[in-house]
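>>> predicted structure and sequence below. I'll ask about it afterward.
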Amino acid sequence: MNLVVFAATGGIGRQLLEQAVTAGHHVTAVIRSPEKLSPVRDGTRVVRADLSTPDPSGLAAAVSGADAVLSALGPASNADAGIAAPGTRAIADAMRAAGVERLIVVSAAPVATVPSPGRLSAPKHDPGDGFFMRHLGAWMAKLFLHKVMADLACMEDVLRASCLQWTAFRPPRLTDGKRTGRYRTAIGRNLRRGVIVSRADVAHAMLSAIDRPETIGQTVGIAY
């Protein structure tokens, strides 16, 4: 398949790129700083793009002909917040202009209960959350990463309004562990007792979801 990976120099983005190339896909990496992508795998096309000041025609050309677009775009801290929603909007606009429909992104488990302009009545609890997430985990995430969660919640608004075939994975705490393939997923809810998952396994799940039509238009919980 022809795949496009946005934010390919981040933790999940590097895994998406590596695993996609290893699987034999033709990959375009769209990144702000190509010099950070070293070494470039054989056959990988690299496109420079800054989603904070997007070039619509350049982004449309970057995604043209893709079977799917995968985005690891997201803030790492409150200081970085504010990139996920507008960046994803720029990606979605480019995809519509190029006639590309499949989009898979990374969100976060606590976003399930975060209100946003497009979803003012967010539930108090996610149906998959266990005792820890209901009473402490989600509260701590929203307390210390409130700007990050708000940005990701607005990003999900962008997806719901996009008319694209989107999927948003909602992992809990991310680790740098190896790909195991032994993660759990749940459509439309978080996972009970799911507190960690590796970036490598999130990337694996995102790639696997390309051909899973049941994930289209859905959030997907993922954890061990």
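Okay, I see it.

>>> and the next helix or strand past the helix or strand harbouring Gln19?
In the assignment (DSSP states H and E), Gln19 maps to helix 11-22. Where DSSP H and E defines the elements, the next helix or strand beyond helix 11-22 is strand 26-31.

>>> before we move on, back to that, and the helix holding Gln19, what other elements does it pack with?
strand 2-6, strand 26-31, helix 199-208 (3 or more Cβ pairs under 8 Å, 6 or more residues apart in numbering; DSSP states H and E). Backbone N, C-alpha and C define where each C-beta goes, glycine included.

>>> what does that helix contact?
Defining contact as Cβ atoms under 8 Å, 6 or more residues apart in numbering, one finds that helix 11-22 is touched by 3, 5-8, 27, 29, 31, 37, 41-44, 70, 72, 106, 174, 176, 179, 199-200, 202-204, 206-207.

>>> what are the ranges of the helices in this structure?
Secondary structure of the chain, counting by DSSP state H: helices at 11-22, 56-63, 84-98, 131-132, 138-144, 146-160, 199-208.

>>> out of those helices, nearest to Arg189?
Ranking those by distance to Arg189, with Cβ to Cβ as the measure, places helix 138-144 first at 13.1 Å.

>>> mean confidence score for the closest one?
Taken as a whole, helix 138-144 has a mean pLDDT of 62.

>>> now stretch 53-66
In this model, stretch 53-66 has a mean pLDDT of 96.

>>> so what would you say the end-to-end distance of it is?
22 Å (Cα to Cα, to the nearest Å).

>>> and if you look at stretch 96-113?
29 Å.

>>> check which residues of it are buried.
The neighbour-count check on stretch 96-113 (16 or more other Cβ atoms under 10 Å) flags 98, 100-113 as buried.

>>> stretch 118-132 now?
Those would be 126, 128-129, for stretch 118-132 by 16+ other Cβ under 10 Å.
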